[in-house]
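Asker: I would like the atomic coordinates for the input below:
(chains A and B)
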Amino acid sequence: MAQMERTGLFDSIFTRLVAWAIAISIAVVLILGWIVTAKFQQISDDTVRWAIHNEMDRLSDVLEERGRDELVVYIEDAASIRAPTGSATHYLLLDEDGNRLAGDLAAIPAIPEDEIGGDIVLPGRVPAYAWRLELEPGLMLVVARETSTQLLQVNQIGLAFVGGGLFVVLAVGVTGYITARRLAKRVRLINAAFRHPEPKRLAALGTGHAERDEIGEVTRHSSAALTRLDRLMRAQRDTTDQIAHEMRTPLMHLDNRLIKAIQAQETAKTPDPETTERLIDARAEIRRVVATLESLLDIAHSEADVGNPRGLEQVDLTALATRIADLYGASAEETGHNFLLEAEEGVTMLGDEIQLSRLITNLLDNAFKYVPAGGTVRLIVRHGPRIIVADDGPGIPEEFRETIFRRFGRGAEHGNHDSRGAGLGLALARAIAIRHDMELRLAPSTMGARFEMRPAPEAV
Amino acid sequence: MSASGLEILHIEDDKRTAADLQELVKATGDRITWSATGSDGLRQAGVGDFDVIILDRMLPDFDGLTVVKQLRDSGVGTPVLMLSALGRTVDRAEGLDAGADDYLAKPFEAAELLARLRALHRRASGATHSAVIIHGAFECHVKARTAFRGGKHLPLSPKEFELFRYLIENAGDVVTREMLLRDVWKMSFDPQTNVVDVNIGRLRRKLEDGFNSPALETIWGTGYRLLDGR
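Answerer: Presented below is the predicted three-dimensional model:
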């Protein structure tokens, strides 16, 4: 039964919401991290470039004002300053023949041909940014500034983002999980109440959650609707119980009086057999009324219980059919019928055993009544589950094929109202089938009648 | 009927039903105590020494189900037959689940009620059956699953043997159709046809074939009783 399934962890809307929140927070952290590092990279590149250009301007001024020799001295001085590793500046001054005039660089770093500046790697795998400039014809100046400090800073920013991001994702996950659990719990309460609408659950649903959010509203509506439904079902049950009680008790007293009258007849000096017979008939009539009442109440309750798993357990249909066949075998022989049981092994279903027995015996009683002596009645139980009672009797006339299942329906007794609980046997059988999420129908058959109980098509 | 009468506690709010039962058991030698409410019934059940309790399902103060639960919770193991105007299958199941030992719907046959009371008492008094049950000329060898009348073997089918065994276990008392259906065929309702009578008829023929005296007495409208077969 579909309504009994519980939502799986990965089907839960709350699990999916938390997963989405985590995924989105990861994406946001990644994008933010990328933007910030890129921006910082750009700023630090600009800083390095600005420092180099500044230095070049200065050296250019020295050359202009004091001449080449002073420049050489100036560069040697500058190159000899031990700046902190990672942000040191290196120099190289070359004449027109490519001879080194000053500086601490051994050769022109590998700056791309058509560029005048770019990223280079100094000996010892030190990353740096270099710029070259022809100060005057035949005098080439290269200034390089180490960038490992900047790279370190960028990496640290990246690390900070990874750490912070992890924390954000964790926080989103934990908060989401806790919130989702609380929401899921509230939704579960509603679902549980729908599954088993018991007064206790309904009361808990009505009082426990007064939140003014959407789920609170759904909860209140569900609680109100279910309480109303529960009250209706109780009222229906109470009414039928009362009808049963109010009818049965006087019938019992009536029956007792009849018994006394019969006993009085038996002990009378001049017993009147005709009176006794009428009294016995009257008792039989009471029995019929009680049987009819019982069948009607059973039908009403089967219809009210549709979809309610209360009172259902695993029933071994094979064993049940075997017991019933055992009971009916002898009487079939006496009435001259062939009675065959064809039951597959181990057929079980979730159901009410007493009701299912009644379904089978009602179908069998019906078959034995209408199949003439010498005919065959078969009780078939198959996996599915399917219960089939088939005969080779006169069959059911076309115009009665649906009405026979109605209470006191036309053709329910083939126009013959002699049976106890007249006209209710097939109606009750169908109500029992529906109560078990099954359908009971007259299956197409070339000969006789073939009643078949099988799972109801999902679409219905 | 058994020689010794039963001590019965009847918890029932309907005066007429109570009066009817009083009259009924006068004839059988049983003694009945009547309680009109659930609370009084509980008190009586606690102090009195009863063989069996008849409990109405609908009482003015308590639900019969509550009464039987309280009885069981307080350790009273006296067999309870629940009597009710609610005869639906679910009602029976509820009654038995609550701790009742048997369930009978109103209106009931007097003989049905008496037969069930005796069967309940017999079961509760723990009458363990020996390997061979003897009643009059009848013998039932439980383990060997064979039956004899006057020393002559009776050719019973397995089901007929089960029927015979049930009858001889309750020998002297009436067994009703509903009891047979419930205990021999494990079906708790009356299929409304004569299927039980037909099965009994076949057993009767086998029990009487070759003998001059009847083996079974039919109690009209109620059930059967195994005679001593002599």
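Asker: and the helix or strand hosting residue A:258, how far from the chain's centre?
Answerer: Per DSSP states H and E: residue A:258 is located in helix A:214-267. Centroid separation for helix A:214-267 versus its chain: 38 Å, with C-alpha atoms, centre = their mean, to the nearest Å.
Asker: hmm, that helix touching chain B?
Answerer: Yes. Contact of helix A:214-267 with chain B (C-beta under 8 Å from any C-beta of the partner chain) involves A:241, A:244, A:245, A:248, A:249, A:251, A:252, A:253, A:255, A:256, A:259. In this view, the C-beta of every residue, glycine as well, is placed from N, C-alpha and C.
Asker: can you give me the buried ones in the lowest-mean-pLDDT helix or strand in chain B?
Answerer: Ranked by mean pLDDT, DSSP states H and E, the weakest helix or strand in chain B is helix B:89-98, scoring a mean of 79. Residues B:89, B:90, B:91, B:92, B:93, B:94, B:95, B:96, B:98 are the ones in helix B:89-98 that count as buried (16 or more other C-beta atoms under 10 Å in any protein chain shown).
Asker: now, among these, which is nearest to chain A?
Answerer: Set against chain A, the nearest of those by C-beta to the nearest C-beta is residue B:89 (4.0 Å).
Asker: any idea how many residues pack against the nearest residue to residue A:120 once chain neighbours are set aside?
Answerer: Leaving aside its sequence neighbours, residue A:120 sits nearest to residue A:109 (C-beta to C-beta, 6 or more residues apart in numbering or on different chains; 4.0 Å). Look at residue A:109: counted by other C-beta atoms under 10 Å in any protein chain shown, it has 20 neighbours.
Asker: in three-state terms, label residue A:109 for me.
Answerer: The three-state assignment at residue A:109 reads coil, by DSSP: H, G, I helix; E, B strand; the rest coil.
Asker: check contacts around residue A:371.
Answerer: Listed by C-beta atoms under 8 Å, 6 or more residues apart in numbering or on different chains, the contact partners of residue A:371 are A:337, A:377, A:391, A:392, A:393, A:394, A:448.
Asker: from residue A:398, how far off is the fourth one?
Answerer: Spatial separation of residue A:392 from residue A:398 under the definition C-beta to C-beta, to the nearest Å is 18 Å.
Asker: now the last one
Answerer: To residue A:398, residue A:448 is 14 Å away according to C-beta to C-beta.
Asker: do the second one as well
Answerer: In this view, residue A:377 and residue A:398 are 22 Å apart by C-beta to C-beta.
Asker: one step back: the helix holding residue A:258 vs helix B:89-98, what angle?
Answerer: Relative orientation of helix A:214-267 versus helix B:89-98 (axes from the mean of the first three to the mean of the last three C-alpha atoms, to 10 degrees): 100 degrees.
Asker: now for helix A:214-267, which elements pack on it?
Answerer: With contacts taken as 3 or more C-beta pairs under 8 Å, 6 or more residues apart in numbering or on different chains; DSSP states H and E, helix A:214-267 sits against helix A:148-195, helix A:199-208, helix A:273-304, helix B:15-28.
Asker: ok and that helix relative to helix A:199-208, angle-wise?
Answerer: 150 degrees.
Asker: and helix A:214-267, average pLDDT?
Answerer: Mean per-residue pLDDT for helix A:214-267: 82.
Asker: how about stretch B:208-220?
Answerer: 88.
Asker: ok now it, how far from the chain's centre?
Answerer: Distance, centroid of stretch B:208-220 to centroid of chain: 22 Å (C-alpha atoms, centre = their mean).
Asker: same deal with stretch A:439-455?
Answerer: On C-alpha atoms, centre = their mean, the centre of stretch A:439-455 falls 35 Å from the chain's centre.
Asker: quick revisit: can you list the residues of helix A:214-267 next to chain B in a markdown table and add neighbour count and distance to residue A:457?
Answerer: Output for the residues of helix A:214-267 next to chain B, formatted as a markdown table (neighbours: other C-beta atoms under 10 Å in any protein chain shown; distance: C-beta to C-beta, whole Å):
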| residue | neighbour count | distance to residue A:457 |
| --- | --- | --- |
| A:241 | 19 | 34 |
| A:244 | 23 | 34 |
| A:245 | 17 | 39 |
| A:248 | 23 | 39 |
| A:249 | 17 | 44 |
| A:251 | 18 | 42 |
| A:252 | 22 | 44 |
| A:253 | 16 | 48 |
| A:255 | 22 | 45 |
| A:256 | 18 | 50 |
| A:259 | 18 | 51 |
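Asker: which intervals of the chain have sub-threshold pLDDT?
Answerer: This is for chain A. Scanning chain A for pLDDT under 70 picks out A:1-7, A:112-114, A:206-210, A:310, A:409-422, A:458-460.
Asker: actually, chain B is the one I wanted.
Answerer: B:1-4, B:87-89, B:107, B:126-129, B:189-192, B:221.
Asker: now the most centrally placed residue in it: how far from chain A?
Answerer: Closest residue to the average C-alpha location of chain B: residue B:116 at 1.9 Å, with C-alpha atoms, centre = their mean. Going from residue B:116 to chain A by C-beta to the nearest C-beta, to the nearest Å gives 16 Å.
Asker: tell me the spatial nearest neighbour of that residue, not counting adjacent residues.
Answerer: residue B:102 is the one closest to residue B:116 (C-beta to C-beta, 6+ apart), at 5.4 Å.
Asker: was I right to think the one you found contacts residue B:82?
Answerer: Yes. Between residue B:102 and residue B:82 there is a contact at 7.1 Å, judged by C-beta atoms under 8 Å.
Asker: make sure residue B:143 is indeed in a strand.
Answerer: No. Counting by three-state DSSP, residue B:143 is not found in a strand; it is coil.
Asker: not counting sequence-adjacent ones, nearest residue to it?
Answerer: residue B:131 (5.3 Å).
Asker: in chain B, which spans are strands?
Answerer: B:7-11, B:31-35, B:52-56, B:80-84, B:102-105, B:132-135, B:138-141, B:146-149, B:152-154, B:175-176, B:216-219, B:223-226 (DSSP state E).
Asker: now the ones you listed in JSON lines, with mean neighbour count and distance to residue A:408?
Answerer: As requested, these are exported to JSON lines (neighbours: other C-beta atoms under 10 Å in any protein chain shown; distance: least, C-beta to C-beta, whole Å):
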{"stretch": "strand B:7-11", "mean neighbour count": "22", "distance to residue A:408": "38"}
{"stretch": "strand B:31-35", "mean neighbour count": "18", "distance to residue A:408": "41"}
{"stretch": "strand B:52-56", "mean neighbour count": "26", "distance to residue A:408": "32"}
{"stretch": "strand B:80-84", "mean neighbour count": "26", "distance to residue A:408": "27"}
{"stretch": "strand B:102-105", "mean neighbour count": "22", "distance to residue A:408": "23"}
{"stretch": "strand B:132-135", "mean neighbour count": "15", "distance to residue A:408": "47"}
{"stretch": "strand B:138-141", "mean neighbour count": "20", "distance to residue A:408": "47"}
{"stretch": "strand B:146-149", "mean neighbour count": "19", "distance to residue A:408": "46"}
{"stretch": "strand B:152-154", "mean neighbour count": "14", "distance to residue A:408": "46"}
{"stretch": "strand B:175-176", "mean neighbour count": "26", "distance to residue A:408": "30"}
{"stretch": "strand B:216-219", "mean neighbour count": "15", "distance to residue A:408": "33"}
{"stretch": "strand B:223-226", "mean neighbour count": "23", "distance to residue A:408": "31"}
